[in-house]
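Visitor: Only the shape, not the letters, is given here:
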């Protein structure tokens with residue numbers, strides 16, 4: 001299984017778990033995106049402003065939500081830097097599935 005496929009499957013599993021949690025769709029989507037971003041960062045320290053991520057949520061149609069917010073990588077280290085987290089989540093049968101996570105310079 002490729003790294004991309006593993007991340008996708010893990011994202012699906014996490015989104016399924018989050019679907020059963022209480023909270024708004026925006027907060028559940030933000031948490032799913034944060035978890036997927038942590039996996040994508042491959043062990044780097046990562047910090048996401050969940051409130052900003054929630055507030056950025058827009059519907060892109062066909063049950064796809066897009067969330068964007070600043071993400072800090074290597075948090076607290078001299079190599080710390082900030083990028084933009086761009087995440088897309090599909091909503092199907094009340095469940096959230098992270099379909100794409102990208103770090104934008």
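Guide: Nice, I can see it. Because the structure is predicted, anything quoted here is derived from the model rather than measured.

Visitor: From now on I want contacts and neighbour counts done on CA atoms only, so please keep to that.
Guide: Fine.

Visitor: Now do the SS call for residue 42.
Guide: Following DSSP: H, G, I helix; E, B strand; the rest coil, we place residue 42 in the coil state.

Visitor: and the gap between it and residue 36?
Guide: Relative to residue 36, residue 42 is positioned 10 Å away (C-alpha to C-alpha, to the nearest Å).

Visitor: what's the answer for residue 24, then?
Guide: Plainly put, residue 24 is 18 Å away from residue 36 if you go by C-alpha to C-alpha.

Visitor: Between residue 42 and residue 36, which is the more surrounded one?
Guide: Between residue 42 and residue 36, counted using other C-alpha atoms under 10 Å, residue 36 has the larger neighbour count: 24 against 9.

Visitor: so which helix or strand takes in the more buried one?
Guide: Using DSSP states H and E, residue 36 sits within helix 25-40.

Visitor: Identify, by residue count, the longest strand of the chain.
Guide: Counting by DSSP state E, the longest strand found in the chain is strand 81-92.

Visitor: now the angle from whatever helix or strand comes next after that strand to helix 25-40?
Guide: Sequence-wise, the next helix or strand downstream of strand 81-92 (DSSP H and E) is strand 95-104. Interaxial angle of strand 95-104 relative to helix 25-40 (axes from the mean of the first three to the mean of the last three C-alpha atoms, to 10 degrees): 50 degrees.
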